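> What follows is a predicted structure for the sequence shown.
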Amino acid sequence: MPIFQAIVLGITQGLTEFLPISSSGHLEIVPWLFNWNEFVGDSRAENTFDVALHFGTLIGAATYLRKDICFYSKAGLSALVGRRPWSAEAKIGWLLLLSAMPAAIVAVIFEPFLLRQSDRLGLIAVGLAVFGVILWLVDRSGRDERSTSELSLVHSFAMGIGQCVALLPGVSRSGIMITTARKLGYGRPHAARLAFLMGLPIIAGAALFRSVEAAADGMPSDMGAALLAGTATSAITGWCAVHAMLRWTESRGYGGFAIYRVSVALFMAVVLMVR
């Protein structure tokens, strides 16, 4: 795989994993637009590269959110072993982790079906447009009543269901979780932070799951440089995306992202008709 392509896809993964515009959709759109066919007929290489990109974004986001991760993890573990009482922070730590369970179960059960949908460009375009508009409408009418400290089991489960919907291409994990959090009354910065923190366990789980498959298949011997480039660029851009989004939501809404999503969907429709 050419290093240039690995870098472009790493940047694409890092940015779109945390901006509410769908990473799975863009990782299909970019190679489609440029006619990159490096992975056609080579599922082993594709799976290995996918693992590298997920590990990269996980490293980038976890590095940025390390204080939150340490804070909630320490509180949750201390409460579990009886060293500290079950404070609000301890409960939040476990709720963040448990929110990944619905999507993990659905992903394992319906993996063959989801894999068949992953490269359907028409479905990606519909997902981008529909859920982009929903994000905008919910954010526009959303209330700023709740903060991260008010996360409950019901709200965690609701956002976990959102992660299940995000398994379809074009939906966007961060987008649907921000939409759900905003509907539940969380302020913009709190909704984004919750979405990112809840996304970490599922990203880690996906990377681990794919790693087992990649290890069983064996890593292609000629992909070392491409894997390193993809991992590094996705980590750096993932860090930047989390930083930018948390800053953005302090004073701005999601209308611009909705416009982008609809524009990309319309562009895809035009290209599909022309081709």
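In hand now; what should we look at? The structure displayed is predicted, hence computed values, not measured ones. Numbering: from 1, shown residues only.
> Show me where the protein has its helices.
With DSSP state H, the ranges of helices along the chain come out as 3-18, 23-34, 43-64, 66-80, 88-98, 101-109, 111-117, 121-141, 153-165, 173-183, 188-217, 224-248, 255-274.
> Output those as TSV; include the columns mean neighbour count.
From N, CA and C alone the C-beta is placed, and that goes for glycine too. Shown next, in TSV, are the helices of the chain (neighbours: other C-beta atoms under 10 Å):
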stretch	mean neighbour count
helix 3-18	23
helix 23-34	20
helix 43-64	22
helix 66-80	16
helix 88-98	19
helix 101-109	16
helix 111-117	11
helix 121-141	20
helix 153-165	19
helix 173-183	26
helix 188-217	20
helix 224-248	21
helix 255-274	16
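> and the residue found closest to G175 once you drop the neighbours it is linked to in the chain, what is it in contact with?
In this structure, G175 finds its nearest non-sequential neighbour in P20, 3.2 Å apart by C-beta to C-beta, 6 or more residues apart in numbering. With contact set as C-beta atoms under 8 Å, 6 or more residues apart in numbering, P20 has these partners: L135, S172, S174, G175, I178, T179, Y254, F257.
> and what of D68?
Each residue near D68 by C-beta under 8 Å, 6+ apart is listed here: R193, L197.
> Let me know the pLDDT of it.
pLDDT recorded at D68 is 95.
> again with L96
For L96, the predicted pLDDT is 94.
> residue contacts, L128?
Contacts of L128 by C-beta under 8 Å, 6+ apart are I21, S22, G25, G170, S172, R261, V262, V264, A265, M268.
> and the gap between the last one and L128?
Counting by C-beta to C-beta, to the nearest Å, the gap between M268 and L128 amounts to 8 Å.
> what's the answer for the third one, then?
The span separating G25 from L128 equals 6 Å under the rule C-beta to C-beta.
> got it, and the fourth one?
From G170 across to L128, the span is 5 Å (C-beta to C-beta).
> so what sits against both of those two?
Counting by C-beta under 8 Å, 6+ apart, the residues touching both G170 and L128 are S22, G25.
> Can you give me the pLDDT of M177?
95.
> same question, S156
In this model, S156 carries a pLDDT of 94.
> give the contact list for it.
Residues near S156 by C-beta under 8 Å, 6+ apart: L95, L96, L98, S99, M198.
> Looking at the residues you listed, which is nearest L58?
Nearest to L58 among the contacts of S156 is M198, at 13.3 Å by C-beta to C-beta.
> ok, and the closest non-adjacent residue to the closest one?
M198 sits nearest to S99 (C-beta to C-beta, 6+ apart), 4.6 Å away.
> didn't the one you found look like it was pressed against Q163?
Yes. Look at S99 against Q163 with C-beta atoms under 8 Å: they come within range, at 7.1 Å.
> residues shared between the contacts of these two?
Shared contacts of S99 and Q163, counting by C-beta under 8 Å, 6+ apart, come down to M198.
> Low-confidence stretches in the protein?
Per-residue confidence for the chain (pLDDT under 70) gives these ranges: 40-43, 214-221.
> Quickly note the distance from the residue lying closest to T57 once chain neighbours are set aside to Y186.
Leaving out its chain neighbours, the residue that sits closest to T57 by C-beta to C-beta, 6+ apart is G238, at 4.0 Å. For G238, the distance to Y186 equals 22 Å [C-beta to C-beta].
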